[in-house]
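K.L.:
Got a predicted model here, sequence first, then my questions.
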Amino acid sequence: MTQSYLLKGILIGFSIAAPVGPIGVLCIRRTLVEGRFSGLFSGLGAATADAVYGSIAGFGLTLVSSFLLDQQSWIRLIGGCFLIYLGLKTFISRSVENVTETQNRGLLGAYISTFFLTLTNPMTILSFAAIFAGLGLGAATGHYTSAGVLIAGVFFGSATWWIILSFGVSMLRRQFNRYAMRWVNRVSGLVILAFGVTALWSLV
């Protein structure tokens, strides 16, 4: 039974992380510019946030989820503004002279930034709750061991996706020169900026 919850959690975490959004774009860009570990730590920040929201849904913490959903407008406002800031910063950032020699810097900052950004979407709680119910995992909510194994699976599944993405993209890193990196910064910045504008527009 425990192994079943772990496997289902891994599949859920992987499927939620895989769709490319602002975190995916940020992870790809950081991998290309700063190295595979910067991209990996960015992804792990998102995986941790997924586990946090999965825990809220899996353990049936309705008081916490209700509070976050009630405050989602403010949370999205903060997240949208931060995405716009990151988008503009990425767009105007200068490309490095030699991409292959770029050092992995600010791994903790990369982790914290994506953890924060992922948390600015409280609707993720509803996604987890709906998936748990749809797969018949509601019973895990009342059993702490089963719920804990399920959430651990969610983290490992999400982390697996980010490992695949960061290490896969890093294999292409040597193919990018300074000119190509300039366009990586510009395109990534515009995409992240668009996500931020969309988040703010949804509040209107």
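P.N.:
Looks like it came in fine. Residues are numbered from 1 along each chain as shown.
K.L.:
By mean pLDDT, flag the weakest helix or strand of the protein.
P.N.:
helix 62-70 (a mean of 66; mean pLDDT, DSSP states H and E).
K.L.:
Show me which residues of the next helix or strand after that one are buried.
P.N.:
Once helix 62-70 ends, the next helix or strand along the chain (criterion: DSSP states H and E) is helix 72-92. The neighbour-count check on helix 72-92 (16 or more other CB atoms under 10 Å) flags 72, 75, 76, 79, 80, 82, 83, 84, 86, 87, 90, 91 as buried. C-beta coordinates here come from the backbone N, C-alpha and C atoms, glycine included.
K.L.:
Distance of the closest residue to the second one other than its chain neighbours relative to residue 130?
P.N.:
Which is residue 75. Closest residue in space to residue 75, ignoring its immediate chain neighbours: residue 120 at 5.2 Å, by CB to CB, 6 or more residues apart in numbering. Plainly put, residue 120 is 20 Å away from residue 130 if you go by CB to CB, to the nearest Å.
K.L.:
Would you mind telling me which of these two has the busier surroundings?
P.N.:
Applying other CB atoms under 10 Å to residue 120 and residue 130 shows that residue 120 carries more neighbours, namely 21 against 11.
K.L.:
contacting residues around the more buried one?
P.N.:
Neighbouring residues of residue 120 by CB atoms under 8 Å, 6 or more residues apart in numbering: 75, 76, 78, 79, 80, 82, 199.
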